[in-house]
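Peer 1: what's the 3D shape of this:
(chains A and B)
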There are 2 protein chains.
Amino acid sequence: MEENFGVLVLGHGSKLTYNKSTVEAVANMLAERMNDAIIKTAYLNMDSPTVEEGIESFASTGVKTLYVLPLFLAHGTHTLKDIPAILGLTDGQRRTTHSFDDRIVDVVYAEPLGVDPCIADLALKRLKEA
Amino acid sequence: MEENFGVLVLGHGSKLTYNKSTVEAVANMLAERMNDAIIKTAYLNMDSPTVEEGIESFASTGVKTLYVLPLFLAHGTHTLKDIPAILGLTDGQRRTTHSFDDRIVDVVYAEPLGVDPCIADLALKRLKEA
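Peer 2: Numbering: from 1, shown residues only, chains lettered A, B, ... in the order given. Reported below is the predicted structural model:
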């Protein structure tokens, strides 16, 4: 990863509070794992800040690279169409730039959580707790 | 967990293939971790089998308990309203029964993935890969 970077953790958003609280909790856990990063959150729908507001919130931070992390379980229309459209990414493109008033930063679009053994381990934990 | 049980892994469903392939991959990983369980998948929207079809698919399996596992990152309207309504659960209720033609099975509704350090670890992995 690049030095002097920020991470915008993107959630789906919800009419209820659980998506936002989950995204914020995971963002806080990420912050514990990345002491040198500025980590913020934003939401695609129904919650604020919006994705655009989330990006602009890095304007005064001095980061050179902004990682956009979609906190979604799987790819879908949101991660492949809606978010790329907001970031100005064409199909399949993962890197672009964003112009703030006084400078240009690199933007890197990360993959969603996706398939990983840890998801199955966590699912098994939820089954055992049920 | 109960003996002689099944697990219905519920996905959101999508117009694209990624949600279904992710849910199926996690269900396969769960099967590796639970040799004694019958594990099937179903989808709330846009994919099949539906939740109702997924439940009925256990009719001939002989399971005594059916765990319904919502493979969602966080609670929201889908996990707190839509799925419980299909299962016949009232607000906050986690257990009910389902009548097949020849017998009644216990139904246990598990929690979604939710907040866990492993989600932050996986998110960090995706950032490092980006």
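Peer 1: So which elements touch the helix or strand hosting A:Lys40?
Peer 2: Using DSSP states H and E, A:Lys40 maps to strand A:38-43. The contact analysis (3 or more CB pairs under 8 Å, 6 or more residues apart in numbering or on different chains; DSSP states H and E) places strand A:38-43 against strand A:5-11, helix A:18-33, helix A:51-56. For the C-beta atoms, the positions are set from N, CA and C on the backbone; glycine is no exception.
Peer 1: Out of those, flag the one nearest chain B.
Peer 2: Chain B lies closest to helix A:18-33 among these, at 3.4 Å (CB to the nearest CB).
Peer 1: buried ones in stretch A:102-109?
Peer 2: A:Val105, A:Val107, A:Val108, A:Tyr109 (16 or more other CB atoms under 10 Å in any protein chain shown).
Peer 1: so what's A:Asn4 up against?
Peer 2: A:Gly62, A:Val63, A:Lys64, A:Thr65 (CB atoms under 8 Å, 6 or more residues apart in numbering or on different chains).
Peer 1: What ranges in chain A fall below the confidence cut-off?
Peer 2: A:1-3 (pLDDT under 70).
Peer 1: Report the separation between the closest residue in space to A:Ile119 that isn't next to it in sequence and A:Asp116.
Peer 2: Nearest-residue entry for A:Ile119: B:Val26, 5.4 Å, with adjacent residues in sequence omitted and distances by CB to CB, 6 or more residues apart in numbering or on different chains. Look at B:Val26 and A:Asp116: by CB to CB, to the nearest Å, they are 9 Å apart.
Peer 1: More neighbours: which of these two?
Peer 2: B:Val26 (27 against 19; other CB atoms under 10 Å in any protein chain shown).
Peer 1: angle of the strand holding A:Lys40 against helix A:18-33?
Peer 2: Counting by axes from the mean of the first three to the mean of the last three CA atoms, to 10 degrees, strand A:38-43 lies at 170 degrees to helix A:18-33.
Peer 1: can you confirm A:Val108 is in a strand?
Peer 2: Yes: counting by DSSP: H, G, I helix; E, B strand; the rest coil, A:Val108 is part of a strand.
Peer 1: one step back: for B:Val51, find the nearest of the helices and strands packed on strand A:38-43.
Peer 2: helix A:18-33 (19.9 Å; CB to CB).
Peer 1: Buried ones in that closest one, by neighbour count?
Peer 2: Buried, per 16+ other CB under 10 Å, within helix A:18-33: A:Tyr18, A:Asn19, A:Lys20, A:Ser21, A:Thr22, A:Val23, A:Ala25, A:Val26, A:Ala27, A:Met29, A:Leu30, A:Ala31.
Peer 1: List the contacts of the closest residue to A:Val23 other than its chain neighbours.
Peer 2: Excluding the flanking residues, the one nearest A:Val23 by CB to CB, 6+ apart is A:Gly11, at 3.5 Å. Applying CB under 8 Å, 6+ apart, we find A:Gly11 in contact with A:Asn19, A:Lys20, A:Thr22, A:Val23, A:Thr41, A:Ala42, A:Tyr43, A:Leu44, A:Asp47, A:Leu71.
Peer 1: go with 7 Å
Peer 2: A:Asn19, A:Lys20, A:Val23, A:Thr41, A:Tyr43, A:Asp47, A:Leu71 (CB atoms under 7 Å, 6 or more residues apart in numbering or on different chains).
Peer 1: outside of whichever helix or strand A:His98 is part of, which residues touch it?
Peer 2: Element membership for A:His98, per DSSP H and E: strand A:95-99. If you take CB under 7 Å, 6+ apart as the criterion, strand A:95-99 is touched by A:Ile55, A:Leu66, A:Leu87, A:Gly88, A:Leu89, A:Ile104, A:Val105, A:Asp106, A:Val107, A:Val108.
Peer 1: Among those, which pair sits farthest apart?
Peer 2: Longest span within the contacts of strand A:95-99, CB to CB: A:Leu89 and A:Ile104, 15.6 Å.
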